[in-house]
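Trainee: Below are the sequence and a predicted model for it; my questions follow.
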Amino acid sequence: MATTATSKSTVLYMLLITTLGLCAWTFWQNQQQADDTSNLLAESVTTIKSTEQNQSKPAQSIPDQPQNKLVNSSVVAPNNGLPNTQLPSVTSQRYVNLFKAQQWVTPTKYVAKVTENQVFERPPPPVLPFVYLGQFQDKSGLVIYLMGKTNLYTVAQGELIDQQYRLESISESAIVLTYLPENIRQTLFIKRNS
């Protein structure tokens with residue numbers, strides 16, 4: 001039992017050392033590629049400078065410049081009849097924050113302006129959802145039968161229908177109801193068969 005635990009820990013240590021070695025090798029390879037890239041960029045900047053000097057002074061010879069020297073200033077591209085463009089400096093690096101804070105709530109941009117002359121109209125009340133079915137005379141007074149969308153209502157004057165309407169008055173040709181949420185009176189006309 002003890003030998004298998006020792007062999008397992010030995011294998012795990014070897015895997016750990018191999019992983020660390022591969023990480024170090026990868027880091028070293030990336031550093032070499034970065035150095036090669038900066039050397040190549042420095043060579044291209046030197047070539048652009050020499051081309052610019054050749055165009056401005058064709059008779060002068062250009063002294064040799066070291067290939068590995070990094071230039072810290074911006075370089076002006078040669079003028080070939082195109083607008084003068086600036087190349088970025090070799091040593092400047094531009095970082096973009098990929099995880100910047102996000103604002104998910106959009107700010108309110110528009111604010112309603114109220115003037116003195118504005119008149120706000122109320123929306124019209126809903127169409128009466130009742131159909132007149134008939135009426136009869138009770139001991140307490142006249143009772144009306146109204147059919148709603150799904151219910152049959154028997155209502156006397158002053159009573160409420162579904163806490164939305166109140167029966168105000170009854171006449172020979174019409175029933176007056178008040179729509180309570182907006183306190184608007186509506187009339188339901190009675191069609192009598194001759």
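Mentor: Thanks, I have the structure now.
Trainee: Could you list the low-confidence segments of the protein?
Mentor: 1-2, 40-41, 44-45, 48-93, 106-115, 117-119, 194 (pLDDT under 70).
Trainee: What ranges does it have for its strands?
Mentor: For the chain, applying DSSP state E gives strands covering 75-76, 86-87, 131-137, 142-147, 152-156, 160-161, 165-170, 174-179, 184-189.
Trainee: List the buried residues in the fifth one.
Mentor: When neighbours are counted by 16 or more other C-beta atoms under 10 Å, the buried residues of strand 152-156 are found to be Tyr153, Val155. C-beta here means a position set from N, CA and C on the backbone, and glycine is covered the same way.
Trainee: Using TSV, lay out the strands of the chain together with distance to Glu43.
Mentor: Below are those laid out as TSV (distance: least, C-beta to C-beta, whole Å):
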stretch	distance to Glu43
strand 75-76	12
strand 86-87	14
strand 131-137	93
strand 142-147	93
strand 152-156	94
strand 160-161	91
strand 165-170	89
strand 174-179	85
strand 184-189	85
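Trainee: Which among these is found nearest to Thr10?
Mentor: strand 86-87 (55.8 Å; C-beta to C-beta).
Trainee: if we can go back for a sec, do you know which of the strands of the chain lies nearest Val11?
Mentor: Using C-beta to C-beta, the nearest of the strands of the chain to Val11 is strand 86-87, at 53.6 Å.
Trainee: that older thread, between the strands of the chain, which one is closest to Leu22.
Mentor: It's strand 86-87; of those, that one is closest to Leu22 (C-beta to C-beta) at 37.4 Å.
Trainee: Sounds good, over and out.
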